[in-house]
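In: give me coordinates for this.
(chains A and B, ligands or ions: 2)
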Amino acid sequence: MKKIEAIIRPEKLAEVRAALEKVGFPGLHVCEVEGHGKQKGVVQQWRGDQYRVEMLPKVKLEIVVSDKDVKKIVQAIVETAKTGSVGDGKIFVSPVDEVIRIRTNESGESAL
Amino acid sequence: MRRKLVSGLLLGMLALGLALPVLSWAAGDPTGANTGTIADVSAATAGAPTLEEVAATAGHNKVAINMMWVLITGFLVMFMQAGFAMVETGLTRAKNVAHTMAMNFMVYPLGMLGFYVCGFALMFGGMGALGTMGGYAGLNQEFTLHLFGKDFGLFGMTGFCLSGHYDVAVFAMFLFQMVFMDTTATIPTGACAERWKYLAFFIYALFVGSVIYPIFGNWVWGGGWLATLGKNFALGHGHVDFAGSSVVHMTGGVIALVFGWLLGPRIGKYNKDGSINAIPGHNLPMAIIGTFILAFGWFGFNPGSSLAGTDLRIAVVAVNTMLASATGAVASTLWMWRVRGKKPDPSMMCNGMLAGLVAITAPCAFVNSISACLIGLISGVLVVEAAFFIERNLRIDDPVGAIAVHGVNGAWGCLALGLFADGTYGDGWNGVAGTVKGLFYGDSSQFIAQCVGVTANIIYVGAISFVIYKLIDKLVGHRADPAAEVHGLDVPEMGVPGYVGVKMDKFSETPLSR
Ligand SMILES: Nc1ncnc2c1ncn2[C@@H]1O[C@H](COP(=O)(O)OP(=O)(O)OP(=O)(O)O)[C@@H](O)[C@H]1O
Ligand SMILES: [Mg+2]
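Out: Ligands and ions are numbered 1, 2, ... in the order given. Predicted structure coming up:
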């Protein structure tokens, strides 16, 4: 099993979720996050002084899936979240050792 | 039930329709042309007034028009307090809204009480006859120094708590002048925002209305020595300031300069390496609505300063006022957009419009419309450059630009009068025969009088502000507790956040000094 963590633009969330709906996914976890990539934020102006807003609002999606589904889900996210400008976000994929469904105490892939 | 109601209504309307032709529309005076006739002239024999009775009514009506004008424009100026509150609060941070608003709120009653107890007396106790409002002459005690064979009026000595002057003209004058004083009083709260201990502010607010403002005001508007520079030394018409570029705005701006400088910058404004952190305000819509309220109130401020609704020059005054506000806003916007930055900075737009208004306040009655446009245009550039100079060179932290708007452009407005006054108005002003002319229209001595007035303002207001600042500092201290300042003054100083239940965005905070 793998955990897919996708950090995307907040305004893209609805579109990405719709695309995921099409390819199918077991469950999903969303949270609002703040962060920056290699441009280290954006520069704004106040009364003639430049200042940098370092943390930008983003949305993080977390989806834990079986290994075989990783590719299509990542694909769907990349296709819909992309604008081509800097700050489109990132996807991290990492292994997950165990999943347990609390209601039934099932574990492993059947608990997804 | 509902059906009954509807059918009842319909029936009623039908009845009304049928009755229409029979109802009489001829009664009354629908055009108004016949309302107010000879019968309305107070006369011993109704409908047949004598010439004296007609003349008495005409005189009473003239004074009534003037007094209505003074009162109504005074009400407009009072509303400028709301404008100041919104501009200052919008341009500062969310964590200090209750504190900034509470300063702008309480400065109104505190300043007023100080002005009632002694400010009005010091300012107008020796002004002489209230010419446009019936000529009441009881305010006639000026403290005067005799030097080089000339009289130098320094302050008035009657009218404390308005006692001894239970007169409608004096009361109208008090209301109008009180709201002007409160405009001055509320200017420094912007420059000192986000770090001023509320108790220190509280004491300041009493001093400004009772002492700081009225003394200089007496010199210009109360018959004091700046007003008589013309009579005494042949300097034009003396220092002329129609609605208060110096008396009101420069005074507020110089207090703001001294207090802002002594108070020191907000924590986090300047870095140890000398670089500057921008500290963005939290609500631009609030600042812009506040600016509109101020611009609206200025139609009371400037045209009202004729103290006479029957002085029809008020049309010129009003148009000059709006034109200068327009060129001021356009100039500051373009200057920020094209010369000093890359974007049309909204907060500087507001400063630019206010700068134009402040600058036209002294000359509004004496210049033509092209000059008004030019005065505003220059003020729009001046306000941006002054704001930069104050922040970067003087290193005084003025969160809202109060010093640049009111101090610098107040001075500019007075000088502009000495340059652009076109000689179409002001015959007999300050007891000097002839109209008011500036340097460009042939009277260089008027320009000198304006320079003297501006210099006197800087020296007097600067010095007394310094002394009062130090006095309050000894008594209670000015600077809010640093921990409270970092946290936001709302809870530590006022006991409640201004925005209850709203989560602040911690990343919008400027980092502490690097
Ligand atoms: N290496 C990282 N580790 C953790 N989070 C990251 C990392 N890189 C980016 N993020 C998160 O992703 C968000 C979007 O990053 P962003 O797309 O700007 O990355 P980038 O590397 O700068 O790419 P681009 O050049 O396309 O802007 C950031 O705001 C941050 O929350
Ligand atoms: Mg980036």
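
In: which residue, neighbours along the chain excluded, lies closest to the residue of the stretch 51-200 of chain B found nearest chain A?
Out: Sorted by distance to chain A under Cβ to the nearest Cβ, the residues of the stretch 51-200 of chain B start with residue B:91, at 8.4 Å. C-beta: built from backbone N, CA, C; applies to glycine. Once flanking residues are discounted, residue B:91 sits nearest to residue B:281: 3.7 Å by Cβ to Cβ, 6 or more residues apart in numbering or on different chains.

In: so residue A:22: helix, strand or coil?
Out: What DSSP: H, G, I helix; E, B strand; the rest coil gives for residue A:22 is helix.

In: residue B:211 now?
Out: Classified using three-state DSSP, residue B:211 is helix.

In: show me what contacts it?
Out: Residue B:211 sits next to B:114, B:118-119, B:122, B:464, B:468 when contact means Cβ atoms under 8 Å, 6 or more residues apart in numbering or on different chains.

In: state the distance from residue B:418 to ligand 1.
Out: Distance of residue B:418 to ligand 1, computed by Cβ to the nearest ligand atom, to the nearest Å: 57 Å.

In: tally of neighbours for that residue?
Out: For residue B:418, the count of nearby residues is 31 (other Cβ atoms under 10 Å in any protein chain shown).

In: please, which helix or strand holds it?
Out: If you go by DSSP states H and E, residue B:418 is part of helix B:409-420.

In: one more: residue B:499?
Out: With DSSP H and E as criterion, residue B:499 is part of no helix or strand.

In: I'd guessed it sits against residue B:94; true?
Out: Yes: counting by Cβ atoms under 8 Å, residue B:94 is a contact partner of residue B:499 at 6.1 Å.

In: more crowded one of those two?
Out: For residue B:499 and residue B:94, the more surrounded residue by other Cβ under 10 Å is residue B:94, and the numbers stand at 19 against 14.

In: ok, now which ones touch that one?
Out: By Cβ under 8 Å, 6+ apart, the residues touching residue B:94 are B:282-283, B:488, B:498-499, B:502, B:504.

In: same deal with residue A:98?
Out: By Cβ under 8 Å, 6+ apart, the neighbours of residue A:98 are A:107-108.

In: before we move on, the earlier item: ok, the residue of the stretch 51-200 of chain B closest to chain A touching residue B:348?
Out: No: using Cβ under 8 Å, residue B:91 is not in contact with residue B:348; the gap is 10.6 Å.

In: joint contacts of the two?
Out: residue B:401.

In: thought residue A:3 was touching residue A:94, still the case?
Out: Yes: the pair residue A:94 / residue A:3 is scored as a contact, 5.2 Å apart, by Cβ under 8 Å.

In: quick one: which of those two has more around it?
Out: It is residue A:3, of residue A:94 and residue A:3, that has more neighbours when counted by other Cβ under 10 Å, with 16 against 9.

In: host element of that one?
Out: Judged by DSSP H and E, residue A:3 forms part of strand A:2-8.

In: what sits up against that strand?
Out: Residues outside strand A:2-8 that contact it (Cβ under 8 Å, 6+ apart): A:16, A:33, A:35, A:58-67, A:70, A:73-74, A:77, A:81, A:88-96.

In: and it, average pLDDT?
Out: For strand A:2-8, the mean pLDDT works out to 97.

In: which residues touch residue B:489?
Out: B:95-96, B:98-99, B:194-195, B:198, B:480.

In: state whether residue B:166 is indeed within a helix.
Out: No: under three-state DSSP, residue B:166 falls outside any helix and is assigned coil.

In: can you tell me how far it sits from residue B:174?
Out: Distance, residue B:166 to residue B:174, using Cβ to Cβ, to the nearest Å: 11 Å.

In: do me a favour and get the backbone dihedrals for the residue of the stretch 251-400 of chain B found nearest chain A.
Out: Nearest to chain A in the stretch 251-400 of chain B, going by Cβ to the nearest Cβ, is residue B:278, at a distance of 3.8 Å. Here is the backbone geometry of residue B:278 (degrees, to the nearest 10): phi -70, psi 140.

In: burial measure for it, as a count.
Out: Close neighbours of residue B:278, defined as other Cβ under 10 Å, add up to 16.

In: now do the contacts for it.
Out: Contacts of residue B:278 by Cβ under 8 Å, 6+ apart are A:44-47, A:49-51, B:510.

In: which ones are touching the residue nearest to residue A:106 when sequence neighbours are not counted?
Out: Using Cβ to Cβ, 6+ apart and skipping the chain neighbours, the partner closest in space to residue A:106 is residue A:100 (7.1 Å). Applying Cβ under 8 Å, 6+ apart, we find residue A:100 in contact with A:106-107, A:111.

In: how far away is the residue in the stretch 101-250 of chain B that ligand 1 sits nearest to from residue B:479?
Out: In the stretch 101-250 of chain B, the residue that lies nearest ligand 1 is residue B:194 (29.7 Å; Cβ to the nearest ligand atom). According to Cβ to Cβ, residue B:194 and residue B:479 sit 11 Å apart.

In: mean confidence score for the lengthiest strand in chain A?
Out: Scanning chain A for the strand with the most residues, using DSSP state E, yields strand A:56-65. Averaged across strand A:56-65, pLDDT comes to 95.

In: repeat that for stretch B:392-404.
Out: Rounded mean pLDDT across stretch B:392-404 is 98.

In: check whether that stretch contacts chain A.
Out: Yes: Stretch B:392-404 reaches chain A (Cβ under 8 Å from any Cβ of the partner chain) through residue B:401.

In: what about stretch B:284-295 and chain A, touching?
Out: No: if you take Cβ under 8 Å from any Cβ as the test, stretch B:284-295 misses chain A, and the best it gets is 10.1 Å.

In: got the contact list for that stretch?
Out: B:79-80, B:82-91, B:281, B:322, B:325, B:346-347, B:349-350, B:353-354, B:357.

In: hmm, which of the residues you listed are the buried ones?
Out: B:80, B:82-91, B:281, B:322, B:325, B:346-347, B:349-350, B:353-354, B:357 (16 or more other Cβ atoms under 10 Å in any protein chain shown).

In: so what's residue B:89 up against?
Out: Going by Cβ under 8 Å, 6+ apart, residue B:89 touches B:97, B:100-101, B:104, B:283, B:286, B:290.

In: of residue B:166 and residue B:174, who's got more company?
Out: residue B:174 (20 against 9).

In: for chain A, what lies in contact range of chain B?
Out: Contacts of chain A with chain B, taken as Cβ under 8 Å from any Cβ, map to A:34, A:44-51, A:53-55.
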